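Colleague: Sequence and predicted structure below; questions after.
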Amino acid sequence: MGRVTFYEDRNFMGRSWDCMGDCSDMHSYMSRCHSCRVHSGCFMVYDGMNYMGNSYFMRRGEYGDYMNMFGWNNCIRSCRYIPMYRGNYRMRIYDRNDFGGQMYEFMDDCDNCMDRYRMNGCMSCHVMDGHWLMYEQPHYRGRMWYFGPGEYRNFMNMGWGNMRFMSMRRVMDSWY
């Protein structure tokens, strides 16, 4: 398992709380969170409860003022542990909802779907193996989302509006 310590104030000040897995509502442990230390593992953190809102990927390291670093105006409200994975990576992406339209299979990172496949963006996907981060802009920029193994038929139904992903990368075991 991973371990992250959340602090109420910037620069690791104020009350703290250790987390070793998923937490859908940090409010029951602390009223606010403005800095954190990831001791081990990788985590996705969210500015909304129940893994909603803006998200950011954190690996081992110190985040003394992540709000300024990420450009957020809200503090962390929930977090999800990303389990370590060692094996082959495989994901199918589709340019339409419900696995419709053009399909492409990925086994490695892709920094620009448009350049590589002349694809306008990804609207649904099926992650067969591994853990992936998907970004709204090419070259791993913009908002990001975490995808673990499973089927994701319609990003709009997941609360992401008309989101189209333009780049994706694997969460590698070397990041732990």
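Modeller: On my side now, so go ahead. Residues are numbered from 1 along each chain as shown.

Colleague: From Asn120, how far out is Phe165?
Modeller: Using C-beta to C-beta, to the nearest Å, Phe165 is found at 11 Å from Asn120. C-beta coordinates here come from the backbone N, C-alpha and C atoms, glycine included.

Colleague: quick one, helices of this protein?
Modeller: For the chain, helices defined by DSSP state H occupy the ranges 66-70, 113-117.

Colleague: Confidence-wise, which of these is weakest overall?
Modeller: For the helices of the chain, the weakest mean pLDDT is recorded on helix 66-70, namely a mean of 70.

Colleague: How about Asp98: what's its closest non-neighbour residue?
Modeller: In this structure, Asp98 finds its nearest non-sequential neighbour in Arg153, 5.1 Å apart by C-beta to C-beta, 6 or more residues apart in numbering.

Colleague: What count of nearby residues applies to that neighbour?
Modeller: Neighbour count for Arg153, taken as other C-beta atoms under 10 Å: 16.

Colleague: repeat for Asn11
Modeller: 11.

Colleague: Could you number the chain from 149 rather than 1 from now on?
Modeller: Will do, 149 is the new start, and the previous item becomes Asn159.

Colleague: From Asp213, how far off is it?
Modeller: Distance from Asn159 to Asp213, by C-beta to C-beta: 7 Å.

Colleague: tell me the contacts of the residue nearest to Asp246?
Modeller: 245-247, 272 (C-beta atoms under 8 Å, 6 or more residues apart in numbering).

Colleague: how much space is there between it and Thr153?
Modeller: 36 Å.

Colleague: By mean pLDDT, which helix or strand of the chain comes out lowest?
Modeller: Using mean pLDDT, DSSP states H and E, the weakest-scoring helix or strand in the chain turns out to be helix 214-218, at a mean of 70.

Colleague: so where's the protein uncertain?
Modeller: 215-218, 220-221, 307-310, 324 (pLDDT under 70).

Colleague: Nearest the geometric middle of it, what residue?
Modeller: Tyr294 (3.4 Å; C-alpha atoms, centre = their mean).

Colleague: my guess is it contacts His279, does it?
Modeller: Yes. With contacts counted by C-beta atoms under 8 Å, Tyr294 reaches His279, the gap being 7.0 Å.
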